[in-house]
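Visitor: show me the folded form of this:
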Amino acid sequence: MERILETAQWLKDRGIDNAEVGIVLGSGLGDLAHRIKEEKSFSYNVIPNFAIATVEFHFGKLIYGELGGKKVIALQGRYHYYEGYSMEQIVLPVRVMKLLGVKCILLSNAAGAVNLDFKKGSLMLVDDHINLQPENPLRGRNLDDLGPRFPDMSRPYDARINDLMREIAREKGITLHEGIYASVQGPNLETRAEYRMMQIIGADAVGMSTVPEVIACNHMGTPCACVSVLTDECDPDNLAAVSVEEIIAIAQQTEKHLSELYIELISRL
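Guide: Numbers count the residues shown, from 1 in each chain. The predicted structure follows:
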């Protein structure tokens with residue numbers, strides 16, 4: 001808790017406060033950050049207690065400014081468990097955003113389509129998740145100042161925000177699937193047998209992030225929502241080798257729709 005408070009105070013002292021919306025940008029998803037009317041930004045390596053993003057396509061930059069008529073804090077680059085960070089380090093940024101005043105947090109990620117009706121290059125609104133990560137950010141002594149020991153997770157993704165996104169997608173003609181996101185440790189992609197398992201347990205998409213932050217948001221009582229950019233098709237019977245470079249390229253081609261959706265959403269929140 002001391003580290004969270006120290007980081008929040010450091011940012012407040014530099015004029016970052018009273019933001020309304022927090023944004024976490026996933027792999028290859030930087031377009032939205034460029035659309036922010038930036039007032040201040042800091043690389044992660046100068047922010048106390050922030051870790052350094054080690055993945056080359058994660059920029060590691062906190063941006064404060066205006067988007068959709070609201071003050072926002074955007075995290076351009078996130079941490080992953082597979083990088084060797086603790087869950088405490090992974091969720092520290094969203095906890096700090098809460099102390100800086102954000103009322104809700106919008107997350108994004110690049111994910112593989114396990115549901116074979118979903119095609120790469122489209123978006124999926126996350127309605128629920130399956131946590132297959134080996135750790136939990138709430139393990140250990142509870143931070144009572146942030147939330148309860150046993151937070152409810154019956155609706156981890158905010159129903160009102162999700163309704164707004166469905167409405168905006170219909171208005172703008174954006175294909176927005178809806179489904180369940182499975183979060184795994186990574187960094188390797190899955191085997192054919194593992195994709196079959198994902199289908200059996202009810203996952204529509206799979207990725208290596210997001211769920212720790214969502215758990216932290218629910219613990220704090222902060223409404224959150226997430227959209228996955230579907231970057232590859234995970235058909236276990238016709239599984240083609242795919243590179244991370246291909247995944248990032250598809251994410252970058254598709255992110256304009258995510259930006260359009262989130263900008264309009266933020267204006268309506």
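
Visitor: just the strands in the stretch 151-269 of the chain please.
Guide: Using DSSP state E, counting those that start in this stretch, the strands found in the stretch 151-269 of the chain span residues 176-183, 205-207, 224-233.

Visitor: need the contact list for the residue nearest the centre of the chain.
Guide: Taking Cα atoms, centre = their mean, the centroid of the chain lies closest to residue 107, which sits 3.1 Å from it. Going by Cβ atoms under 8 Å, 6 or more residues apart in numbering, residue 107 touches 23-24, 26, 210, 213-214, 224-227. Quick note: C-beta positions are derived from backbone N, CA and C, even for glycine.

Visitor: ok, back up a step: can you put the strands of the stretch 151-269 of the chain in JSON lines and add mean pLDDT?
Guide: JSON lines is the format used below for those (pLDDT from 0 to 100):
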{"stretch": "strand 176-183", "mean pLDDT": "98"}
{"stretch": "strand 205-207", "mean pLDDT": "97"}
{"stretch": "strand 224-233", "mean pLDDT": "95"}
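
Visitor: export the ones you listed to CSV and tack on mean neighbour count and distance to residue 252?
Guide: Converted to CSV, the strands of the stretch 151-269 of the chain look like this (neighbours: other Cβ atoms under 10 Å; distance: least, Cβ to Cβ, whole Å):
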stretch, mean neighbour count, distance to residue 252
strand 176-183, 22, 19
strand 205-207, 26, 16
strand 224-233, 26, 9
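
Visitor: now those as TSV including distance to residue 99?
Guide: Output for these, formatted as TSV (distance: least, Cβ to Cβ, whole Å):
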stretch	distance to residue 99
strand 176-183	25
strand 205-207	27
strand 224-233	16
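
Visitor: among these, which comes closest to residue 194?
Guide: Proximity to residue 194, assessed across the strands of the stretch 151-269 of the chain by Cβ to Cβ, is greatest for strand 205-207 (8.5 Å).

Visitor: neighbouring strands of the closest one in the sheet, and parallel or not?
Guide: When pairing is defined by DSSP bridges, strand 205-207 lines up against strand 104-113 (antiparallel), strand 176-183 (parallel).

Visitor: where does the prediction get shaky in the chain?
Guide: Low-confidence segments of the chain, defined by pLDDT under 70: 27-28, 53-59.

Visitor: on that earlier part again, and the residue nearest to the centre of the chain, what are its bridge partners?
Guide: Beta-bridge partners, per DSSP bridges, of residue 107: residue 24, residue 226.

Visitor: if I look at it, how far off is residue 96?
Guide: Distance of residue 107 to residue 96, given as Cβ to Cβ, to the nearest Å: 15 Å.
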